[in-house]
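Student: This is the structure alone, sequence omitted:
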C-alpha cells in the first residue's frame, strides 16, 4: 500500500578501502568464495545480551545494490581505479549467500548475527553496509528491550525522533524499539513505512501559544476527543492537573473521556502521586498518567520501584541513541577464503575461523541454558540459530512481518534466566571442539608461514 | 557536478504531535507568526563549547518540504485528522524566516543556533527536522574538533562509516568532522556528495586472503603505486613492518615510494617507536606511521604526549557517534507568538522569551572574551552572531562552500582561550538587561494568569 523501499543508498556508501582492495582482487582474479562473519566481540559494560535486529533493512539494501553511471564517473574522477575494475563495478550485483539469525533473536558475544559467502570482492564491498545496519538496529532493539523490562508491563513509546543521530536513525530506532517491545512511536514516517502504531500528546509550545492553559487543553480535547493526553507541567504541574480536571468535567458532559495527562519535568515520582490523588478524588480514576523526559531503563526502574502510580512511559533520546552504550564492538571478519580457514592474530582481537553455526540449548523448564558455537557442518545438540536467507543472489523468503519479529523477541527474552535478563550475568558461548581444533590448526599454520 | 540534494525526506518525518497540534492551530486560525529558538540548554560534562553545524542540510530539507499524495493518504488512514487540516497540509510550504549562526561558529549554552519565525503550524511542524539535523552535526563537529586539537597538527581522518548510527549519519559525520578540522574521510559517498578528500588503507581481510603477508603488500603496492599504506598488524606487527620494508625496497627499485604503514592494535605507543626505528634504519624515513583502532581525543592525547612517532590518525566509531557524549540537551522552544513573548516555567527547564541575538566580544589580542545574549533589536557591543538566512520562504544566499565553513571553524576555535579549548572552562553568556527584564515580566504575567 505504501512505499516499502525506504532505504536505497548508493553502493558508494562504503569505505574507500573496500574498493581499492577489490580492485586488487579483480585484477588478480581472486574471485573465489569468501566467507565473512559479523559478530560483536565483547558486549558493552551495561549489556548482558543483544537482541538481533536490522537484517530486514540490510537485505533490502543488498537487493538493490548497484553502482550508477554517476557513481562510476565519480570513481573515475578520483584517478585511483583502472578501467577493468570500473567495468567490474558497472556490472556489480550481489550474487552470494547469506546466513543469519532471525531478527528478534537473543545473541551473545562472538556469536555471528550474519555470515556472508560470496566472491571475495562482493563480500568485501558490502562490509560497511552490513555492519552499519545490523549495528544500529541491534544496538537500539537491545536498549529498548531493557526499558520494556524495567517498565514491568506498562507501555513504552518511542519519542526519540528529534535527537536520534540523523533522520534515518529515527526510522531505525522506531523499528528496532518496536522489535524490543515498545508499543508505538511518535515518528509519523516510521508509522507509515513500517505500519507501526503512532501516538503523541502535545508540546509545551502548544500550551504557551494560548493565553490560558485551560483554553489550550479544551481546544485540543475538542479537536481530538478520542485521543487527548494533556501536558500539565508547562507552568505548575498541580495547577495544570486541576485545569485538566476542569476540561475533563466539561468534556464528560459531552460524553468524551480524557485519556491521560503527561508529566515531563520535576520530581515525577512525587508529582505522579499527587496528580493521581487529584484525579481519583475528582472521580476520574480512568485518566492515565504518562511520564516522559530523560527516561531510560534506570530511571524507569526507579519510578516503578517507588510505587509511583504511572501508567506509561515516553522514552526518547537515551533509548534513541543508546546513550549509555552508543556503539557495539561489532566486526565483519574474513573466516574462510577459497576453501581455507582464515584468521588474524592481532593482539587482543582474535577471530575464530570457518563458517559457523550457533546451537542453543534450553533447560527442562524451557529457559535458555547455553549456546555452543560450532562449525556450520557440525550436528551438535541444540537448536541451530543461523538460517540461510539468501542464495545465489536471491532472497529465499520475504522477511517476516514486524509483528512476528517482535513476538520472536518477546519469546526469546522470556526464555532468558532472570540473572541474564537483569544484567547480572553475561554468558559467552561454549566453543565446540571442532572449532577450537580448527582455530589452533589455522593459527599454527599462519604462524609457520610468517 | 554530482547530486547535491542528498537528503529529501518526507515531511512526515515529524512527531505526531506536531501535526495534531497544528490541526488545532489551523482550525482556530492561529496562524500568526511564532518564533522558536533552537539552543542547547546545558553542555554535556565533557564539552566546554559547541561547534555549530548542520544548518546547510537543514535548509536543504526545508526547501523541499512537502506532503505528498501518499503521505496525505496515510494521514487520512489514521482517522485522526479533519479534511480542513489535510487540505492545509496539501498546500504546505515553509514560508517563514530563519536566523542562524553560520556553520563553523563556536557557541555556548543557551545561545540560539537557529531562530525560526513563521505562521505557528509551519514553525511547529519543522521542529523535529530542525533539532535532528542541527543536533547531529553539531555533536559530531564538536567531537571532531576535540580530536583535531589533541592531534596537534597531525591529520585526523574519518573512519566512522561502519558504526555510525545509520548510513545517513555516516554522511553527516563525514561532513561535520571535516568542518571540525578532519582532513579526509574513508566514506566514498560522502566524498562524492560533499567533495571531500577520500582516503583509506587496507583491511586485515585483505592480508588474510593472500597466502603470504608480503604477497598482499606487494599486490596492493603494484595496483596503487601512488597511494599505498600497508596494514602491518594482522599477524605480528614487527614482522609485518619487516615485510613492508621488503616491499618498500622492491618498489623503490621501480621508483615507487610506499606512503605509510598502519597500526590498528596492541600497544601502539611502543609499536610505533619500534616500527619507526626499523623504517629509519632501513633508510625509509619518509614512510609515515598511521594509527587507528578505538581512537578519540583522550587516546590521541595519550599517544602524542608519550612522544610516539605518529604521523596521522584514523578516527572511527568514538568520533562518529560522539561516544562520551552521544547527544546534546538541544531544544526548540516557542519564545514569541502573535507579538507576545512566551515561556514555560517547568521545573529546571526555564526558557528565555523573545527573539534573540548573540553579541560576541574579543579581548585586545583577538581572543574570545565573552558573549552577551540579548534581544534581536538591541544594539549591544560585540559582533552579532545570528544572521538572516531565509526570508519569506526563500533562501537568501546559497550556503558557503564546506571549505569556507571549515575555515570559519578553524578561526573560531583559534580565538578560544586555552582553558576553554582544553575543556577546563565552560563559559555561559551574560544575559542583557533587556532580556532579563523581559524574562521577569513575562514570567510574572504568566504566573498571574495561572
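Tutor: Looks like it arrived, so ask away. In this text the structure is predicted, and so the values were computed from the model without any measurement.
Student: Can you give me the domain assignment for chain A?
Tutor: For chain A, automatic domain parsing gives the domain ranges A:16-140+A:325-449, A:154-320.
Student: avg pLDDT for the shortest one?
Tutor: Mean pLDDT, domain A:154-320: 97.
Student: ranges for the helices of the stretch 251-400 of chain A?
Tutor: For the stretch 251-400 of chain A, applying DSSP state H, counting those that start in this stretch gives helices covering A:268-281, A:297-305, A:317-320.
Student: What angle do helix A:268-281 and the second one make with each other?
Tutor: The one in question is helix A:297-305. 40 degrees (axes from the mean of the first three to the mean of the last three Cα atoms, to 10 degrees).
Student: Show me what counts as buried in helix A:297-305.
Tutor: A:297, A:299-301, A:303-304 (16 or more other Cβ atoms under 10 Å in any protein chain shown). To be clear about C-beta, it is placed using only N, CA and C from the backbone, and glycine gets the same treatment.
Student: how many neighbours does the closest residue to residue A:309 other than its chain neighbours have?
Tutor: Computed as Cβ to Cβ, 6 or more residues apart in numbering or on different chains, the closest residue to residue A:309 that is not its neighbour in sequence is residue A:276, at 4.1 Å. By other Cβ atoms under 10 Å in any protein chain shown, the residues close to residue A:276 number 20.
Student: again, but for residue A:191
Tutor: 22.
Student: The host helix or strand of it near chain B at all?
Tutor: Assigned by DSSP states H and E, residue A:191 belongs to helix A:188-194. Yes: residues of helix A:188-194 contacting chain B under Cβ under 8 Å from any Cβ of the partner chain: A:188-189, A:191-192.
Student: How about the contacts made by the closest residue in space to residue A:262 that isn't next to it in sequence?
Tutor: Closest residue to residue A:262 apart from its sequence neighbours, by Cβ to Cβ, 6+ apart: residue A:290 at 4.2 Å. Counting by Cβ atoms under 8 Å, 6 or more residues apart in numbering or on different chains, residue A:290 touches A:201, A:229, A:260-263, A:310-314.
Student: Report the closest residue of the stretch 351-450 of chain A relative to chain B.
Tutor: Nearest residue of the stretch 351-450 of chain A to chain B (Cβ to the nearest Cβ) works out as residue A:450 at 5.5 Å.
Student: Distance of that residue relative to residue B:207?
Tutor: 12 Å (Cβ to Cβ, to the nearest Å).
Student: Name the residue in these two with the higher neighbour count.
Tutor: Using other Cβ under 10 Å as the criterion, residue A:450 and residue B:207 rank with residue B:207 on top: 27 against 13.
Student: Verify the stated contact: the more buried one with residue B:216.
Tutor: Yes: the criterion here is Cβ atoms under 8 Å, and residue B:207 meets it with residue B:216 at 4.6 Å.
Student: Quick check, residue A:177 in contact with residue A:321.
Tutor: No: assessed by Cβ under 8 Å, residue A:177 is found out of contact with residue A:321, at 11.9 Å.
Student: what residues are shared contacts of these two?
Tutor: Residues touching both residue A:177 and residue A:321 (Cβ under 8 Å, 6+ apart): residue A:160.
Student: So which of the two has more stuff around it?
Tutor: More crowded of residue A:177 and residue A:321, by other Cβ under 10 Å: residue A:177, with 33 against 28.
Student: That one: what's it in contact with?
Tutor: A:140-141, A:143-144, A:156, A:158, A:160, A:185, A:315, A:319-320.
Student: Surely it is within a helix?
Tutor: Yes: judged by DSSP: H, G, I helix; E, B strand; the rest coil, residue A:177 forms part of a helix.
Student: So which bits of the stretch 351-450 of chain A are right by chain B?
Tutor: So the stretch 351-450 of chain A meets chain B at A:446-447, A:449-450 (Cβ under 8 Å from any Cβ).
Student: what does the stretch 51-200 of chain A put close to chain B?
Tutor: So far as Cβ under 8 Å from any Cβ goes, the stretch 51-200 of chain A lies against chain B at A:70-71, A:74-75, A:78, A:80, A:82, A:120, A:124, A:127-129, A:131-133, A:135-136, A:139, A:159, A:161-172, A:186-189, A:191-192, A:198-200.
Student: before we move on, what SS does the nearest residue in space to residue A:407 that is not next to it in sequence have?
Tutor: Spatial nearest neighbour of residue A:407, chain neighbours left out: residue A:104 (7.5 Å); criterion: Cβ to Cβ, 6+ apart. Here residue A:104 is recorded as coil under three-state DSSP.
Student: how long is stretch A:41-52 end to end?
Tutor: 14 Å (Cα to Cα, to the nearest Å).
Student: now it: how far from the chain's centre is it?
Tutor: 13 Å (Cα atoms, centre = their mean, to the nearest Å).
Student: which parts of that stretch are buried?
Tutor: A:43-44, A:47-52.
Student: what's the answer for stretch A:399-409, then?
Tutor: A:399, A:402, A:405-406, A:408-409.
Student: hmm, back to that, show the subsequent helix or strand relative to the helix holding residue A:191.
Tutor: helix A:204-208.
Student: what packs against the very next helix or strand once past that next one?
Tutor: On the C-terminal side of helix A:204-208, the nearest following helix or strand under DSSP H and E is helix A:213-223. Secondary-structure packing of helix A:213-223 (3 or more Cβ pairs under 8 Å, 6 or more residues apart in numbering or on different chains; DSSP states H and E): helix A:204-208, strand A:229-231, helix A:237-253, helix B:16-27.
Student: outside of the first one, which residues touch it?
Tutor: Spelled out, it's helix A:204-208. A:213, A:216-217, A:220, A:231, A:233-235, A:264, B:17, B:21, B:24, B:34, B:36, B:124, B:333-334, B:337, B:342-344, B:346.
Student: wait, residue A:169 sits on residue B:169?
Tutor: Yes: under the criterion of Cβ under 8 Å, residue A:169 makes contact with residue B:169 at 5.6 Å.
Student: Quick check: beta-bridge partners of the residue nearest to residue A:262?
Tutor: Beta-bridge partners recorded for residue A:290 (DSSP bridges): residue A:262, residue A:312.
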